[in-house]
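> got a predicted model here, sequence first, then my questions.
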Amino acid sequence: RMTSEQKDMVFGLISSSLDYKDLHDVDIAIEAVYENLDLKLDIFKSLDEHVQENAILASNTSGLDVDAIAAVTKRPEKVVGTHFFSPANIMRLLEVVRGEHTSHETLATVMSTSKKIKKAAVVSLNAPGFIGNRMLFNYTAQANMLLLEGALPHQIDQAIESFGLNMGPFRMMDLVGLDLGWRARQLSGVESPLHAKIGDHLCDNDRFGQKNGKGYYNYSEGSRAPNPAPENEEVYEKISSDNGFTRREISDEEITDRCILALINEGADILSEGVAQRAADIDVVYINGYGFPIWRGGPMHHANAMGLDVVVDKLNKYYEITSNNAYKPSDLLIKLAKEGGKLADSPSDENRKEKLNFAKSSVAGNF
């Protein structure tokens, strides 16, 4: 707790203004509006015009194109992404996103500043979803595929929480809001991908998650505790049948394998492409930002502990069963498994792939 004097000192350091001109002498400006690229571009144009030329301009974005933001300024070398995890006063993780033109000096300054504010900072290249949310997409997509195939949300959540994560995928999706991806697809006219069909149907029927008391679970007024939603089971049956699935019993082992292997496989691709510099950075992201059990060391450390030959064998098994590309083993995993190696540092720059480009990426539209 702060003393009264400490509180007064802290509040004395804070000032407010509605005029960009009052920001002329700041050293770092961090924009933190909601995820709307056009709005962020307008703000960066104004910041670039009014803030001193040596100031760093940072965007608190969870997945938008940092290079597109930098392109509207006259100082792209001073532009960087800073993905503060919410709530920022509690969550330690900070993804620092390096754009194509971000200078070493800018990156070093932001990393140094992050330490001063006691953040666990990890550098990510500018790519759709950066490190954490790109992996999260595959993880939640496979959880939704398990739902289509016959498992129920509470079973999937219990299996993942027994593995050690703080919260299962369906509790997490209810917490975040099922309507985020649904609204984005409505606005863009994109058809629901297979893994999103159940979630989008729930949204069509006014089930958005905790925010309105009903999603994959039901919630009592004023409570975040999930309660069963048996009325959804008929929906699951119908959508599974409509999409060619015969629902079946699925073991907790398969649930855990498929969700965690999806994380590991995508993490290996992220490492291979150089989006993350080292396997340990991915582990820092998942332990500090996504509730991965610290005692398992993070998804990349967990893969090394399993043995990469075992990981590749399991991926091949589930790829054969599902034909889902989430389980097609990463080239890096195959290579390291053959060599008896471990996930460690990113390979050289020559192994980075064109799919880092937002415009060319098929992943970009999923965030």
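Yep, it's here. Residues are numbered from 1 along each chain as shown.
> just give me the residue closest to the centre of the protein.
Geometric centre of the chain, nearest residue: Asn133, 1.4 Å, by C-alpha atoms, centre = their mean.
> and it, how far from Leu107?
To Leu107, Asn133 is 20 Å away according to C-beta to C-beta, to the nearest Å. Backbone N, C-alpha and C define where each C-beta goes, glycine included.
> next one: the residue nearest to the centre of the chain from Val122, what distance?
Asn133 is 13 Å from Val122, by C-beta to C-beta.
> again, but for Lys317
Distance, Lys317 to Val122, by C-beta to C-beta: 31 Å.
> higher neighbour count, those two?
Comparing Lys317 with Val122 by other C-beta atoms under 10 Å, the one with more neighbours is Val122, at 27 against 14.
> three-state assignment of the more buried one?
strand (DSSP: H, G, I helix; E, B strand; the rest coil).
> you'd agree it is up against Asp281?
Yes. Under the criterion of C-beta atoms under 8 Å, Val122 makes contact with Asp281 at 4.6 Å.
> need the residues touching each of these two.
Common contacts of Val122 and Asp281 (C-beta atoms under 8 Å, 6 or more residues apart in numbering): Ile131.
> tell me how this structure divides into domains.
What the record gives for the chain is the domain set 12-125, 130-367, from automatic domain parsing.
> adding distance to Met2 and mean pLDDT, write these out as JSON lines.
Output for the domains of the chain, formatted as JSON lines (distance: least, C-beta to C-beta, whole Å; pLDDT from 0 to 100):
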{"stretch": "domain 12-125", "distance to Met2": "13", "mean pLDDT": "97"}
{"stretch": "domain 130-367", "distance to Met2": "25", "mean pLDDT": "92"}
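> output those in TSV, with distance to Ser4 appended to each entry.
TSV is the format used below for these (distance: least, C-beta to C-beta, whole Å):
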stretch	distance to Ser4
domain 12-125	12
domain 130-367	32
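> nearest to Thr3, of those domains?
Distance to Thr3, taken as C-beta to C-beta, is lowest for domain 12-125 among the domains of the chain, at 13.9 Å.
> how far is that closest one from where the chain is centred?
Centroid displacement of domain 12-125 relative to its chain, using C-alpha atoms, centre = their mean, to the nearest Å, is 19 Å.
> now do the same end-to-end measure for that domain.
This stretch, domain 12-125, spans 36 Å end to end (C-alpha to C-alpha, to the nearest Å).
> try stretch 184-201
One end of stretch 184-201 to the other measures 14 Å (C-alpha to C-alpha).
> so what's Val10 closest to, chain neighbours aside?
Sequence neighbours aside, Met2 is the residue nearest to Val10 in space, at 7.1 Å (criterion: C-beta to C-beta, 6 or more residues apart in numbering).
> ok, the one you found to Lys115 distance?
Noted for Met2: a distance of 22 Å to Lys115, by C-beta to C-beta.
> can you check Ala88 too?
Counting by C-beta to C-beta - Ala88 and Lys115 are separated by 16 Å.
> neighbour count: those two, which is higher?
Neighbour totals were compared for Ala88 and Lys115, and Ala88 leads with 14 against 11 (other C-beta under 10 Å).
> that one and Arg248, how far apart?
In this view, Ala88 and Arg248 are 42 Å apart by C-beta to C-beta.
> check Glu234 too.
According to C-beta to C-beta, Glu234 stands 17 Å off from Arg248.
> check Ala32 too.
The gap separating Ala32 from Arg248 is 45 Å, by C-beta to C-beta.
> quick one, which of these two is more surrounded?
Under the criterion of other C-beta under 10 Å, the comparison of Ala32 against Arg248 puts Ala32 first, with 13 against 9.
> buried residues of the top helix by length along the chain, list them for me.
Looking across the chain with DSSP state H, the single longest helix is helix 252-273. Neighbour-count burial for helix 252-273, with 16 or more other C-beta atoms under 10 Å as criterion, is recorded at 254-273.
> pretty sure the residue nearest to the centre of the chain sits in a helix.
Yes. Asn133 forms part of a helix when assessed by three-state DSSP.
> ignoring the adjacent residues along the chain, who's closest to it?
Here the residue nearest Asn133, using C-beta to C-beta, 6+ apart, is Gly63, at 5.3 Å.
> isn't that neighbour up against Ile131?
No. Judged on C-beta under 8 Å, Gly63 makes no contact with Ile131 at a distance of 10.5 Å.
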